[in-house]
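Asks: quick one, structure for this:
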Amino acid sequence: MCTRRVSLAVVMGFLAAVSVSAHARAISKNELQVCKWGAGMAGVAQQSKLSGTTLYSARKKLQSRTFSKPWMRKMALGITEQTYKSPSKLKPAAVRQTYYEGCIQHDLARK
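Replies: Next comes the predicted model:
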């Protein structure tokens, strides 16, 4: 009975992954790039937070950085602030993945 539940869970997980990747095709390359970029920013912010860097220092570092698009600085600051306000102690890779998946779901829900 227990193995049956485990295999059912594995199959359902696989189907969910296939479903997400099938839906991801409806998202433009630009939207995927924005999600990847935002996920990277969230991961960097989480790394800074876990290493003990203050929000003030992280923001100052972002302010001195050059971005290729005008909207990126404000978005990077917002992502960093939200990351610091979160009580999460997840590893940066997990935060990156969570952000990316949430961004994709948001884009799919908009369509």
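Asks: tell me who's in contact with the spatially most central residue of the chain.
Replies: By C-alpha atoms, centre = their mean, the chain has its centre lying nearest to Tyr99, at 1.8 Å. Counting by C-beta atoms under 8 Å, 6 or more residues apart in numbering, Tyr99 touches 35, 38-39, 42-43, 79. Backbone N, C-alpha and C define where each C-beta goes, glycine included.
Asks: quick check, nearest of these to Pro92?
Replies: Among the contacts of Tyr99, Gly43 lies closest to Pro92 (C-beta to C-beta), at 4.2 Å.
Asks: for that closest one, the count of nearby residues, please.
Replies: 22 (other C-beta atoms under 10 Å).
Asks: report the contact partners of it.
Replies: Gly43 neighbours (C-beta under 8 Å, 6+ apart): 92-93, 95-96, 99.
Asks: are any of these buried, and which?
Replies: 92, 95-96, 99 (16 or more other C-beta atoms under 10 Å).
Asks: quick one on the thing from earlier: what's the PyMOL line that selects buried ones from the contacts of Tyr99?
Replies: In PyMOL syntax, the buried subset of the contacts of Tyr99 is picked out as below (16+ other C-beta under 10 Å):
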select buried, resi 35+38+39+42+43+79
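Asks: report the two of the contacts of Tyr99 separated the most.
Replies: Maximum pairwise distance in these, criterion C-beta to C-beta, is 12.5 Å, between Cys35 and Gly43.
Asks: quick revisit: just the buried ones among the contacts of Gly43: which are in helices?
Replies: 92, 95-96, 99 (DSSP state H).
Asks: can I get the residues you listed in a markdown table including pLDDT?
Replies: What follows is these, written out as a markdown table (pLDDT from 0 to 100):
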| residue | pLDDT |
| --- | --- |
| Pro92 | 98 |
| Val95 | 98 |
| Arg96 | 98 |
| Tyr99 | 98 |
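Asks: ok, so of the residues you listed, who is nearest Ser64?
Replies: For these, the nearest to Ser64 is Pro92 (21.3 Å; C-beta to C-beta).
Asks: gap between the closest one and Glu81?
Replies: 16 Å (C-beta to C-beta, to the nearest Å).
Asks: many thanks, have a good one.
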